[in-house]
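>>> Okay, sequence plus prediction incoming.
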Amino acid sequence: MNEYQVLEVPVRGMDCAECTVHVREAIAKLPGVESVEVWLASEKAVIRFDPTRVDLVAIRRAVESAGYSVPDLIAPLALQTKRFSRKLLTLLVIVFIGVLGIVIAGEWLGLFDTLNELIPLPIGVVLVLVGGFPLFHNVARAILKRQITSHTLMTVGAIAALVVGEWVPAAIVVVFMRVGDFVERFTTESARRAVKELIALAPQVARVERSGVEVEVPVAEVKVGETVIVRPGEKIPVDGEVVHGHATVDQATITGESVPVEVARGSSVFAATFVRLGSLRIKTLRVGADTTFGRIVKMVEEAEAHRSDVQRLADKFSAYYLPIVAGIAALSFLIGRNPLAAAAVLVVACSCSFALATPVAVLASIGASAKRGLLIKGGKYLEALAQASVVLVDKTGTLTLGRPQITDVISLNGMSSSELLALVASAERYSEHPLAEAIRTAARAQNLSLFEPEDFEALPGMGVRAKVNGILLAAGNRRLVPVPESLPIARQLEAQGKTLLFVALDGELAAVVAAEDTLRPEVPTALAELRALGLKHVELLTGDSERVAARLAEKLGIPYRASLLPEHKIQIVKEYQARGERVVMIGDGVNDAPALAQADVGIAMGAAGSDIAIEAAHIALMSGDWRLIPDVVRIARRTMGVIKLNIAFTAVYNLFGLMLAALGVLPLTLAAAAQSLPDLGILANSARLLHQK
Ligand code: ADP
Ligand code: MG
């Protein structure tokens, strides 16, 4: 049996979607490699391979022979977060327009013709070959590997010009190939910027206590269970629990929330957040990639995998695009007998623009959102969200704060209410449900001592069952505990909007426990905004009882369905999907995970620290702030708008260029200059997404 090993290898030099394909193919060809995924944004390949048949040296060689490089694996990833400011972009556009002007003037005044006659052809040819050597070298290598890139066609164009004795246009093509290259690199690099800035926030060092002394170590060396010490102004290096001290912590990196939170003994804290005031001793629970921050970074990096339909279409199109361009050039040559016009066709339409149009916009949006505590797992979800028509929302923990308070414990069997509370709290000891948490808190407030439950069983959407102190206890809703229809106290409490929990001891109804949860204050405004955005159908789905749901739904002015089990929620999502609706499901992620996954877009609220929520959802809000919901809809629509504009612009531009060139109206020199403009347009257009308020 072969044991496969998975390795992440950084790859340098990839600057467009085509390149990831080349790298993937180069590695996949090696014997012993089972699967490869290549990520453009994070510049890495994830390889599953059989270490007995292939090793790193071979992988590295394969990557290098494809024309890319693998940096020293031992050294930590150097993070060069280049600053691409708007100023620089403006400057670039101005320089570009200036150069374009010079080329147009040169063409018009016949300067190029004069130059062509003035300097003998052989000298010109040498100039072109020397100046374009690195490009031709790459093209030759690509041809040997049977790859056709946009540079191949442009090189053919330049050679055609040389053949007919026009070395100046050939030289200008070469110059603009290099300019185009630069613009492309600049474009992908600036789209990656937000992602890189996020990665750069990862903590590097930690101060841990080892055998009574504080030592500073790289974060990767901290072990789970170790105590780390964090002082004011420092970054928390791990996910953990505060064991000593109190502090105000700025969690904006995770939640996007700029108001610092107070933490004290028992509080959970997250890696990559900052201690503003106070010092903390923290017991390490998770390190590195396992922390909430680590997961966010990983998901953002891998967001490229979830390609939108638009992007798939663009990818398919670019595969056919180059052959089509070559065909048009051939046709133009056969009909017009003008090699320079055919060369202009090859040159004008050849850029990475189609391949760049979508990923650049998506990367910019995802990166910028991640810094606001909004984790978006792929362009696919932005696309679905932009087209969504139905929004389904869970109640507990989603519309409400998810921190219910126990208000009443009503005994029905003569036991004292604290006795009952102790039994229920014991049964709920290991449940993650917010109601369980409320019960434990209430029991703690009364200093009740708890029992260790046996045969604990959590029934999602119903409640829990366990054996406590020899008694068979069930606590949950009417599905779990049969309740007589006429139980006045239940009606009375539910009329107050309280969630009820019925307790049965050895099968006999023994108590009613009431909990009250508060509506998140920003919900009504957020729902109104969603309606204004055209998402007219918002519906409440809850496992809570009819009466409680009705009351809340009425308050919010939305329809509802109550007493649902988690599988009913999935069913409802499917129902809407069958009617052709794009469904958004908003849940707290814990017991709604399956419905979130089923929806076209599953949005988890308050996902920080919850693995299940981050895994299951397509979009995760680290905080529970509902104002982000209409925001993310707007981001989705803006992103799709930018993508469509990118594609439309590139298509129209290239079409016109192609036509003019094929008709012999566009000279080769201008074709070369014009070719790099769409990339710049895409960059300028997509850069708008980097700056979200
Ligand atoms: P919602 O759909 O509002 O988020 P849930 O699906 O989480 O509600 O739960 C539905 C109902 O199931 C709760 O209102 C409660 O009555 C019951 N329930 C679920 N888990 C528990 C638990 N651990 N303890 C008691 N009751 C529970
Ligand atoms: Mg819930």
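It's in. This structure is a prediction, so every number in the text was calculated from the model and none was measured. Ligands and ions are numbered 1, 2, ... in the order given.
>>> Chain neighbours aside, what residue packs nearest to the residue of the stretch 451-600 of the chain found nearest ligand 2?
With CB to the ion as the measure, D588 is the residue of the stretch 451-600 of the chain nearest to ligand 2, at 4.7 Å. Yep, even glycine has a C-beta here, placed from its N, CA and C like the rest. Excluding the flanking residues, the one nearest D588 by CB to CB, 6 or more residues apart in numbering is G397, at 3.3 Å.
>>> so the one you found sits right up against M605, yeah?
Yes - counting by CB atoms under 8 Å, M605 is a contact partner of G397 at 7.1 Å.
>>> which residues are in contact with both of the two?
Shared contacts of G397 and M605, defined by CB atoms under 8 Å, 6 or more residues apart in numbering, are found at G587, D588.
>>> Quickly check: stretch 535-552 near ligand 1 or not.
Yes - contact of stretch 535-552 with ligand 1 (CB under 6 Å from any ligand atom) involves T542, G543, D544.
>>> what's in contact with stretch 36-43?
10-12, 14, 16-17, 19-21, 23-24, 27-28, 44-48, 188, 191-192, 195, 199, 300-305, 359, 363, 367.
>>> pull the CA atoms of that stretch into CSV?
Extracted in CSV, the C-alpha atoms of stretch 36-43 (Å, rounded to 0.1, in the frame of the first residue of the first chain):
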residue,chain,number,x,y,z
VAL,A,36,-2.2,18.8,-7.8
GLU,A,37,-4.0,22.0,-7.2
VAL,A,38,-2.4,25.3,-8.0
TRP,A,39,-3.4,28.6,-6.4
LEU,A,40,-2.7,31.9,-8.1
ALA,A,41,-3.4,34.2,-5.3
SER,A,42,-1.4,32.5,-2.7
GLU,A,43,1.3,31.4,-5.2
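>>> For it, what does the pLDDT average out to?
What stretch 36-43 shows for mean pLDDT is 80.
>>> Which residues belonging to that stretch are considered buried?
Neighbour counts over stretch 36-43 (16 or more other CB atoms under 10 Å) mark V36, E37, V38, W39, L40, A41, S42, E43 as buried.
>>> Against ligand 1, how distant is the closest residue to ligand 2 within the stretch 51-200 of the chain?
Distances between the stretch 51-200 of the chain and ligand 2 by CB to the ion are smallest at L198, namely 29.0 Å. Applying CB to the nearest ligand atom, to the nearest Å, the value for L198 to ligand 1 is 31 Å.
>>> Neighbours of the residue in the chain positioned nearest to ligand 1, how many?
With CB to the nearest ligand atom as the measure, G543 is the residue of the chain nearest to ligand 1, at 2.4 Å. Burial measure for G543: 26 neighbouring residues, criterion other CB atoms under 10 Å.
>>> In which helix or strand does the nearest residue to it once chain neighbours are set aside reside?
Distances taken as CB to CB, 6+ apart place G461 nearest to G543, at 4.3 Å, with adjacent residues excluded. According to DSSP states H and E, G461 maps onto no helix or strand at all.
>>> Name the residues of this protein found near ligand 1, please.
Within reach of ligand 1 by CB under 6 Å from any ligand atom, the chain has these residues: 394-396, 428, 431, 433, 435-436, 458, 461-464, 475-477, 499, 501, 542-544, 591.
>>> Just the ones of those in strands?
Among the residues of the chain next to ligand 1, DSSP state E puts D394, A458, G463, V464, A475, G476, T499, L501 in strands.
>>> Enumerate every residue touching the closest residue to the first one other than its chain neighbours.
Taking CB to CB, 6+ apart, and ignoring the residues beside it in sequence, D394 has G587 as its nearest neighbour in space, at 4.1 Å. Applying CB under 8 Å, 6+ apart, we find G587 in contact with V393, D394, G397, T398, A593, A595, L596, G602, I603, A604, M605, A617.
>>> now, among the residues of stretch 535-552 next to ligand 1, which is nearest to R561?
T542 (7.6 Å; CB to CB).
>>> so what's that closest one up against?
So T542 contacts D394, K395, T396, V548, A549, Y560, R561, A562, S563, L564 (CB under 8 Å, 6+ apart).
>>> Let me see the backbone angles for it.
phi -150, psi 150 (degrees, to the nearest 10).
>>> Which two among the contacts of T542 are spaced furthest apart?
T396 and R561 (14.4 Å).
>>> I figured M605 hits T396, correct?
No - between M605 and T396 there is no contact under CB under 8 Å: 11.0 Å.
>>> of those two, who's got more company?
M605 (28 against 24).
>>> Tell me how far that one lies from V195.
24 Å (CB to CB, to the nearest Å).
>>> now do A26
For A26, the distance to V195 - CB to CB - is 24 Å.
>>> what does the model give the residue nearest to G543 for pLDDT?
For G461, the model assigns a pLDDT of 85.
>>> for the one 4 residues further on, same thing?
The predicted local confidence for R465 comes out at a pLDDT of 96.
>>> Ok, K380 next?
pLDDT, read off for K380, is 90.
>>> again with S332
89.
>>> again, but for K693
K693 is given a pLDDT of 58.
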